[in-house]
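Generate a structure from the sequence data that follows.
(one chain, ligands or ions: 2)
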Amino acid sequence: MHLESLSLRGFKSFERRVELRFDRHLTAVVGPNGSGKSNIADAIRWVLGEQSMQALRSKNLVDLIFAGTDRRLPVNVAEVVLTVNNEDGTLPLPYAQVAVTRRAYRAGESEFFINGVPCRLKEIHQIFLDTGVGRRGVSLVGQGEIDALLTATPEQRRGWVEDLAGIARYQLQKEQALAK
Ligand code: ATP
Ligand code: MG
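Numbers count the residues shown, from 1 in each chain. Ligands and ions are numbered 1, 2, ... in the order given. Sure, this is the predicted structure:
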């Protein structure tokens, strides 16, 4: 599995639709301070189902929507589409390409789609569990996260080991079963 492209529209500093295509091996994003590099990583976290506003460097959902500038009006919807190449079948879906879409409206609603079909957030969490790139995955390492690793409590460290060992899927199922 690898990331093919990311499309952003109205997400943080990306007012108009921008599509980024990723090289199969290595893609570097360069630009001046404040130009939106970290916003790209935030978009990937968000579309993969991140719910923690802190992890998205925002206070609330509305902060994720382009707020306008001196010369530009704000927009009402943020949309991110992440297209993943699934030719090797890493994701448990019978498609060679999987496009995950997340939308948020200023009024507060959210929408999720897998290959254009509406779905629930839970389904997005589930298909990326144990792949390393999901909400609790370890493939996105943010500025300052190495410090967090060094100062983590034993319980937090155990949580990471459990994710890597693929136990997270069963814990989520257990939590959902107990909540019923
Ligand atoms: P650095 O090199 O300093 O890490 P960066 O390229 O990673 O910079 P980002 O943190 O991705 O920069 O982008 C920050 C910019 O995004 C700021 O200018 C901020 O105003 C803008 N921004 C964030 N949220 C919004 C929003 N909702 N609407 C408009 N602009 C936003
Ligand atoms: Mg940055």
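
does the most centrally placed residue in the chain sit in a helix, a strand or a coil?
In the chain, the C-alpha nearest the mean C-alpha coordinate belongs to residue 45, at 2.2 Å (Cα atoms, centre = their mean). The three-state assignment at residue 45 reads helix, by DSSP: H, G, I helix; E, B strand; the rest coil.

cool, residue 78 as well?
Classification of residue 78 by three-state DSSP places it in strand.

neighbours of it, just the number please.
Using other Cβ atoms under 10 Å, residue 78 has 25 other residues around it. Quick note: C-beta positions are derived from backbone N, CA and C, even for glycine.

Just list whatever residues bridge to it.
residue 104 (DSSP bridges).

could you list every residue that touches it?
By Cβ atoms under 8 Å, 6 or more residues apart in numbering, the residues touching residue 78 are 9, 10, 11, 12, 64, 65, 66, 103, 104.

Return the distance of it relative to ligand 1.
8 Å (Cβ to the nearest ligand atom, to the nearest Å).

and what of residue 39?
Distance of residue 39 to ligand 1, given as Cβ to the nearest ligand atom: 4 Å.

Now that residue: which helix or strand?
Here residue 39 is covered by helix 37-47, with elements defined by DSSP states H and E.

Give me the neighbour count for residue 124.
The number of residues packed near residue 124 is 21, by other Cβ under 10 Å.

again with residue 52
Residue 52 has 9 neighbouring residues, counting by other Cβ under 10 Å.

So which bits of the helix holding residue 39 are buried?
Buried residues in helix 37-47, counted by 16 or more other Cβ atoms under 10 Å: 39, 40, 41, 42, 43, 44, 45, 46, 47.

Which of these sits closest to ligand 1?
Taking Cβ to the nearest ligand atom as the measure, ligand 1 lies nearest residue 39 of the buried residues of helix 37-47, at 3.6 Å.

which residues sit in contact with the nearest residue to that closest one once chain neighbours are set aside?
With Cβ to Cβ, 6 or more residues apart in numbering as the criterion, residue 39 has its nearest non-adjacent residue at 4.2 Å, and that residue is residue 12. Contacts of residue 12 were listed using Cβ under 8 Å, 6+ apart, and they are 36, 39, 42, 43, 63, 64, 66, 78.
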